[in-house]
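A.B. asks: Okay, predicted coordinates and the sequence, questions at the end:
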There are 2 protein chains.
Amino acid sequence: MALSSPSQADTLTVRLGYEPRDRGLFVVALTHRSAEGPNNERLEFLGDSVLNLLLSERLYREFPVATEGDLSRLRARLVSEEPLAEIAQDMQLGELLLLGSGELKTGGFRRQSILADAFEALCGALYLDGGLEAVRDKVMPLFEAKIAALPEPATLKDAKTRLQEYLQANGRPLPLYIVKRTSGEPHAQIFLVSCSVPHLHVETEGEGPSRRRAEQVAAQAALNALGNPS
Amino acid sequence: MALSSPSQADTLTVRLGYEPRDRGLFVVALTHRSAEGPNNERLEFLGDSVLNLLLSERLYREFPVATEGDLSRLRARLVSEEPLAEIAQDMQLGELLLLGSGELKTGGFRRQSILADAFEALCGALYLDGGLEAVRDKVMPLFEAKIAALPEPATLKDAKTRLQEYLQANGRPLPLYIVKRTSGEPHAQIFLVSCSVPHLHVETEGEGPSRRRAEQVAAQAALNALGNPS
């Protein structure tokens, strides 16, 4: 693979200041599924886990008294498509992507999802080539500005907490969550949960892969029904 | 912390054949939130990411031609509560847990979720104490039997694929997915998607944190409505 692979991979590793052992991995990381040859989807799967761990560790150390719920919410702000695509744009990853002619014509190199996926794939390639430390060294600095801009954990609240606090502040009884139905295979269950707010005539439902997630969805729907009180 | 910490942590590290630098981390990993002192919830947050990465890497290497969707589905079978609790049981983690008196009385040390969470916290402690390699050495062997028992990737299919194949096999038109509503903050959107199966009078809805996830939930609901054809 190394002999015929495009020079974009070299540009990429030079930009990162990284000397690859297997530059073929970086060719694959830059290859969108619309192009020929092995594409970056499997590396994206791996790179997503790599980023998740490094950011989890960084937040664990950065916020020593944050709860695990706060840490999850902070991490979600860093690993979603938008921030990853922004970092990919900052490193001008788009111009290095190998895209099929269809995606090229329609400007696929500027699409947020394609950029975010390629960035994750790059993390996967770095991990396989140089281990966790290579990703920590080369990629984590790109997140520093976003980590510095994170809100204080105490200001982050999930939907159930916000609903409860709103009702308490208004002297109302607490909402009632009831599991209405579970479906799906044992390893992929889906929970349907209702949330009723007594006296306010609000009853909503939420579905999710766990009871807790379904309750959050139902609580958010109740907050929506109540006009999203702050 | 080291002087007053319970001896369960020593039993745990001896069982693992691991010499800790900071045994206090292992005390925390064993401490359920019902007990006094720092509990294992933050370590669980970190350990979840550690396990996710190591199992992603293992599956990436084990199944070199599996798609990223197959890899995700295989991983989900290893990191859900049930398999983690089984592994925790195999290593008799329950008897080492530090629980509050309420959980002790009600047999909390046998509860699947408490065991799975403590196992993840143990992975977090090992990672902080000895790096990724410590977790790879001491924990990954515990997954080998479960990895060997995984189905062939090609036999795994998600709900949308199963629904589509069922309809095609019966000469029916494909289902129609429509985003009915999005709600929530930009960084935590909730999608409500409908799935209609023409001519079969089935219309279901699904909610999720992405359009794709919501479609899967709606497709699973449609499969349920059709009597779960195989």
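C.D. replies: Thanks, I have the structure now.

A.B. asks: separation between residue A:63 and chain B?
C.D. replies: Distance of residue A:63 to chain B, given as C-beta to the nearest C-beta, to the nearest Å: 9 Å. Any C-beta I mention is one placed from the backbone N, CA and C, and that applies to glycine too.

A.B. asks: Identify the residues contacting the residue lying closest to that residue once chain neighbours are set aside.
C.D. replies: Nearest residue to residue A:63 in three dimensions, chain neighbours excluded: residue A:153, at 5.3 Å (C-beta to C-beta, 6 or more residues apart in numbering or on different chains). By C-beta atoms under 8 Å, 6 or more residues apart in numbering or on different chains, the contact set of residue A:153 is A:63, A:65-67, A:70-71, A:73-74.

A.B. asks: and if we set it to 7 Å?
C.D. replies: A:63, A:66, A:70, A:74 (C-beta atoms under 7 Å, 6 or more residues apart in numbering or on different chains).

A.B. asks: Just name the closest of those residues to residue B:96, please.
C.D. replies: Checking these against residue B:96 by C-beta to C-beta gives residue A:66 as the nearest, at 26.4 Å.

A.B. asks: Spatially, what comes nearest to residue A:224 if we skip its sequence neighbours?
C.D. replies: Residue A:224 sits nearest to residue B:183 (C-beta to C-beta, 6+ apart), 5.5 Å away.

A.B. asks: I'd assumed residue B:190 was in contact with that neighbour.
C.D. replies: Yes. At 5.1 Å, residue B:183 counts as touching residue B:190 under the criterion of C-beta atoms under 7 Å.

A.B. asks: got any residues that touch both of these two?
C.D. replies: Contacts common to residue B:183 and residue B:190, judged by C-beta under 7 Å, 6+ apart, are residue A:220.

A.B. asks: So between those two, which is more surrounded?
C.D. replies: Between residue B:183 and residue B:190, counted using other C-beta atoms under 10 Å in any protein chain shown, residue B:190 has the larger neighbour count: 23 against 16.

A.B. asks: related to what we said a few turns ago, dihedrals phi and psi, the residue nearest to residue A:224?
C.D. replies: phi -150, psi 170 (degrees, to the nearest 10).

A.B. asks: for residue A:179, same thing?
C.D. replies: Dihedral angles (degrees, to the nearest 10) for residue A:179: phi -70, psi 120.

A.B. asks: Give me the neighbour count for it.
C.D. replies: So residue A:179, with other C-beta under 10 Å, has 12 neighbours.

A.B. asks: got the contact list for the residue of chain A most remote from its centre?
C.D. replies: Computed with C-alpha atoms, centre = their mean, the residue of chain A farthest from its C-alpha average is residue A:199, at 37.7 Å. By C-beta under 7 Å, 6+ apart, the contact set of residue A:199 is residue A:172.

A.B. asks: I'd guessed residue A:222 sits against residue A:200; true?
C.D. replies: No. Using C-beta under 7 Å as the test, residue A:222 is too far from residue A:200 to be in contact (8.7 Å).

A.B. asks: tell me which residues of the helix or strand hosting residue A:219 are tucked away?
C.D. replies: Assessed by DSSP states H and E, residue A:219 sits inside helix A:211-225. Across helix A:211-225, burial judged by 16 or more other C-beta atoms under 10 Å in any protein chain shown covers A:213-224.
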